[in-house]
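Asks: Pasting a predicted model and its sequence here:
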Amino acid sequence: MEVFYVSLLSLFVLLVSLSLHFLFYKNKSGLSGSNPLPPGKTGWPVVGESLEFLSTGWKGHPEKFIFDRMAKYSSHVFRTSLLGEPAAVFCGANGNKFLFSNENKLVRAWWPASVDKVFPSSGENKSTSQDEAIKMRRMLPKIFKPEALRGYIGIMDQITERHFAAGWDNKDEVIVFPLAKRFTFWLACRLFISVEDPKQVAKFADPFDLLASGLISIPIDLPGTPFRRAINASNYIRKELAVIIKQRKIDLAEGKATPTQDILSHMLLATDEDGKFMTELDIADKILGLLIGGHDTASSACTFVVKYLAELPEIYENVYNEQMEIAKSKAPGELLNWDDVQKMKYSWNVACEVLRLAPPLQGAFREATSDFVYSGFSIPKGWKLYWSANSTHRNREFFPEPLKFDPSRFEGNGPAPYTFVPFGGGPRMCPGKEYARLEILVFMHHLVKRFKWEKIIPKEKIVVNPMPIPEKGLPVRLFPHKA
């Protein structure tokens, strides 16, 4: 009899569990009672499909995770679980358009909570990284407006000249990626905080490398882990920036610095909607974020420009001819200017094709701020939403022969809207897009007017973690042009 009661109780518990599961699933499957969740699978408990998502990048084919699931489940949106969160991946131009145009309406930017540990807010309200990003985006259009960028080109030209003289000239072989990182970081230090002494730049460079690598590591905050080293590096850099900021305030007051000399001066003199100035620590936070964003992605782009020009001699010749025509029009010692850069049309088409095939920003996360329906599927509030550049960049529906390197895709009106998205789109379009264009083109100008080159490892593996990087840093053999 006792066994009977136990069995009856077990059956009752099972029925209740199944009922609750059915009710929960029905609620989640259709927010309006009729729309299912997107098709897909969530993988292992907690881990989800994160390892598969990351491993395809480590193997050099990040698009495989996306395209395999687009083919199996839906070419519009599919369900998965990433970074411990239920997620939906939005695909294609329509998916990009929906997410970009609904920023701060149905969706908002999202990063893992670990990012707040590396970039803790110094503000009084202890706002999150998302809040700080919104504030920064309101400010950046003023900083990167065309008038300001025009003034940067001559400085970019000078720094680029010094970079090539120090790191490339009189060398038989170089490893490109570390040099590209050094170049873009030097440029960011000069234009953002007026630090250009190579020794002072180097003082920041190593902590920034620790910070960048720790951001993409497993967020275990224990001594000796990459994540803890990233936190320590962030604290160190902020303290160093605080010293620079204090001195700049004094220099501005004494007339030793000008309001327009760099982004730091602009931030010190800018006020918010309430007429308040930012605190020194708040400025340090924002400069830190800018330095991270201002050099990591561009260094990847510059590296892949070198890679593709080595592989495609005809493309190289066309870039060389365009750049030499500009170089020959300059008087000795005359710096590049805005008009020169506007003439680099073919070179920029080449750079865009590089960004299509090897986008530094592979994609980004959003978070659903309310329940909504997309493409007939329910998206619950709180779900993380991911868009992938490769869902359009390497998709033959939008780019015929997607693996072929073809700069002519960008002639005329260029690709269709929301298909070419290396800088994101909508309200979260990278505000530094034009800055990146200038530094990449100035880099290309100095590169091709000095050298031809060949890859030392012809079939070097590409690793995406989270940006595409040649596994060995892209070693090349240089052949200087004869004077």
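Replies: Here it is on my side, so go on. Numbering: from 1, shown residues only.
Asks: Roughly how far does His446 sit from Ala165?
Replies: If you measure His446 against Ala165 using CB to CB, to the nearest Å, the figure is 10 Å. In this view, the C-beta of every residue, glycine as well, is placed from N, C-alpha and C.
Asks: of these two, who's got more company?
Replies: Taking His446 and Ala165 together and counting by other CB atoms under 10 Å, His446 has the greater number of neighbours (21 against 12).
Asks: If you count contacts, what does the helix or strand that Ala327 is a member of end up packed against?
Replies: Following DSSP states H and E, the helix or strand that holds Ala327 is helix 313-328. For helix 313-328, the helices and strands in contact under the criterion 3 or more CB pairs under 8 Å, 6 or more residues apart in numbering; DSSP states H and E are helix 280-311, helix 345-357, helix 433-450.
Asks: Now do stretch 242-256: distance to the chain's middle.
Replies: In this view, stretch 242-256 has its centroid 31 Å away from the chain centroid, taken as CA atoms, centre = their mean, to the nearest Å.
Asks: Pro86: neighbour count?
Replies: 16.
Asks: Wait, it touches Gly40, no?
Replies: No. With contacts defined as CB atoms under 8 Å, Pro86 does not count as touching Gly40, sitting 10.1 Å away.
Asks: I'd like to know which of the helices and strands packed on helix 313-328 lies nearest to Phe372.
Replies: Closest to Phe372 of these, according to CB to CB: helix 433-450, at 28.4 Å.
Asks: got a list of what the closest residue in space to Gly424 that isn't next to it in sequence touches?
Replies: For Gly424, ignoring the flanking residues on the chain, the nearest one in space by CB to CB, 6 or more residues apart in numbering is Cys430 at 5.5 Å. Applying CB atoms under 8 Å, 6 or more residues apart in numbering to Cys430 gives the contacts 293, 361, 423-424, 436.
Asks: In a markdown table: the residues you listed, plus pLDDT, neighbour count and distance to Ser194.
Replies: Written out in a markdown table, the entries for the contacts of Cys430 read as follows (pLDDT from 0 to 100; neighbours: other CB atoms under 10 Å; distance: CB to CB, whole Å):
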| residue | pLDDT | neighbour count | distance to Ser194 |
| --- | --- | --- | --- |
| Gly293 | 75 | 19 | 19 |
| Leu361 | 87 | 18 | 27 |
| Phe423 | 89 | 20 | 26 |
| Gly424 | 85 | 20 | 28 |
| Ala436 | 91 | 24 | 20 |
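Asks: out of these, who's nearest Thr184?
Replies: Looking across the contacts of Cys430 and measuring by CB to CB, the closest to Thr184 is Ala436, at 9.2 Å.
Asks: For stretch 296-315, give me every contacting residue.
Replies: Applying CB under 8 Å, 6+ apart, the contact partners of stretch 296-315 are 176-177, 180-181, 183-185, 212, 316, 319, 350-351, 353-355, 357-358, 360-361, 405, 407, 436, 439-440, 443-444, 447-448, 453-455, 467-470, 474, 476.
Asks: For ChimeraX, write the select line for the buried members of those.
Replies: Below is the selection syntax for ChimeraX that covers the buried ones among the contacts of stretch 296-315, with 16 or more other CB atoms under 10 Å defining burial:
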select :176,177,180,181,183,184,185,212,316,319,350,351,353,354,355,357,358,360,361,407,436,439,440,443,444,447,448,453,455,467,468,469,470,474,476
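Asks: Now do the strands in the protein.
Replies: Remark: strands of the chain, listed N- to C-terminal, are 77-82, 85-90, 107-109, 173-175, 363-368, 372-374, 377-379, 384-388, 451-455, 462-464, 468-470, 475-480; assignment by DSSP state E.
Asks: remind me which residues of the protein are low pLDDT?
Replies: Regions of the chain meeting the criterion pLDDT under 70 cover residues 1-33, 121-143, 216, 294, 427-429, 431.
Asks: and with 50 instead?
Replies: Confidence mapping of the chain against pLDDT under 50 gives the ranges 1-30, 32.
Asks: got the contact list for the residue nearest in space to the middle of it?
Replies: If you average the C-alpha coordinates of the chain and look for the closest C-alpha using CA atoms, centre = their mean, you land on Leu361, 3.9 Å from that point. Listed by CB under 8 Å, 6+ apart, the contact set of Leu361 reads 297, 389, 422-424, 430, 467.
Asks: Which of those fall within helices?
Replies: Per DSSP state H, helices hold the following members of these: Thr297.
Asks: got the contacts of Leu361 as CSV, with distance to Asn94 columns?
Replies: As requested, the contacts of Leu361 are arranged in CSV below (distance: CB to CB, whole Å):
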residue, distance to Asn94
Thr297, 25
Ala389, 15
Pro422, 19
Phe423, 19
Gly424, 16
Cys430, 21
Met467, 26
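Asks: just the contacts of Leu361 now: which is nearest Phe365?
Replies: The closest of the contacts of Leu361 to Phe365 turns out to be Gly424 (CB to CB; 11.6 Å).
Asks: who's in contact with that closest one?
Replies: For Gly424, the contacting residues are 100, 361, 364, 430, by CB under 8 Å, 6+ apart.
Asks: could you redo those residues as JSON lines and give each row distance to Lys286?
Replies: Compiled in JSON lines, the contacts of Gly424 are given as follows (distance: CB to CB, whole Å):
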{"residue": "Phe100", "distance to Lys286": "23"}
{"residue": "Leu361", "distance to Lys286": "20"}
{"residue": "Ala364", "distance to Lys286": "19"}
{"residue": "Cys430", "distance to Lys286": "16"}
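Asks: And these, which two are furthest apart?
Replies: Considering CB to CB, no two members of these lie farther apart than Phe100 and Leu361, which are separated by 13.1 Å.
Asks: so how many other residues sit close to Asp157?
Replies: By other CB under 10 Å, the residues close to Asp157 number 21.
Asks: likewise the one 4 residues further on?
Replies: Here the number of neighbours of Glu161 (other CB under 10 Å) works out to 14.
Asks: From Arg238, how far out is it?
Replies: Glu161 sits at a distance of 31 Å from Arg238 (criterion: CB to CB).
Asks: now for the strands of the chain, which one comes closest to Asp262?
Replies: Among the strands of the chain, strand 107-109 sits nearest to Asp262 (CB to CB), with 26.4 Å.
Asks: For that closest one, name the packing helices and strands.
Replies: Packed against strand 107-109, as judged by 3+ CB pairs under 8 Å, 6+ apart, are the following elements: helix 129-143, strand 363-368.
Asks: just to revisit the earlier point, so which of the helices and strands packed on helix 313-328 comes closest to Phe192?
Replies: In terms of CB to CB, the element of the helices and strands packed on helix 313-328 nearest to Phe192 is helix 280-311, at 5.7 Å.
Asks: Pull out the buried positions in the closest one.
Replies: Residues 280-288, 290-310 are the ones in helix 280-311 that count as buried (16+ other CB under 10 Å).
Asks: Same check on stretch 66-76?
Replies: Of the residues in stretch 66-76, those buried under the neighbour-count criterion (16+ other CB under 10 Å) are 66-67, 69-70, 73-76.
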